[in-house]
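Peer 1: Structure for the following, please:
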Amino acid sequence: MEQTVMKRFVCVIAAHDTDGKTHPMCVVWEDGAQYEIEKVEECRRMASTRAGGVGLRYAVRIRGKRKYLYEDEGRWFVEAKC
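Peer 2: Numbers count the residues shown, from 1 in each chain. The predicted structure is shown next:
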């Protein structure tokens, strides 16, 4: 049975350097739980093929695991299973 995937919008604490690049530092869930981004491994323009939308996809390390975080027109989301 295939699970449906949707966008789950999250708050992101980020730094911006003098070149205009964004560096996400922390993801904050709806319940206030915060997850530090240990490392940004990659950032590139890419579509979320599972949840829809096009923007920047950040491959990040959170708690030692690789996760994908998307920034689409100023809003941040992750792919969540329903």
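Peer 1: Just the pLDDT for the closest residue in space to residue 29 that isn't next to it in sequence.
Peer 2: Computed as Cβ to Cβ, 6 or more residues apart in numbering, the closest residue to residue 29 that is not its neighbour in sequence is residue 10, at 6.2 Å. In this view, the C-beta of every residue, glycine as well, is placed from N, C-alpha and C. We have a pLDDT of 96 for residue 10.
Peer 1: Pull up the gap between residue 10 and residue 46, please.
Peer 2: Distance check for residue 10 against residue 46: by Cβ to Cβ, to the nearest Å, it reads 18 Å.
Peer 1: about what we covered before: run through the bridge partners of the residue nearest to residue 29.
Peer 2: Beta bridges link residue 10 to residue 76, judged by DSSP bridges.
Peer 1: quick one, what contacts it?
Peer 2: 27, 28, 29, 30, 69, 76, 77, 78 (Cβ atoms under 8 Å, 6 or more residues apart in numbering).
Peer 1: now with 10 Å?
Peer 2: Residues near residue 10 by Cβ atoms under 10 Å, 6 or more residues apart in numbering: 27, 28, 29, 30, 35, 69, 70, 75, 76, 77, 78, 80.
Peer 1: Which residue comes closest to the second one once chain neighbours are left out?
Peer 2: This means residue 28. Nearest residue to residue 28 in three dimensions, chain neighbours excluded: residue 11, at 4.0 Å (Cβ to Cβ, 6+ apart).
Peer 1: I figured that neighbour hits residue 26, correct?
Peer 2: Yes - taking contacts as Cβ atoms under 10 Å, residue 11 lies within contact range of residue 26: 8.7 Å.
Peer 1: any shared contact partners between the two?
Peer 2: Shared contacts of residue 11 and residue 26, defined by Cβ under 10 Å, 6+ apart, are found at residue 34.
Peer 1: Got the confidence number for residue 48?
Peer 2: The model reports residue 48 with a pLDDT of 69.
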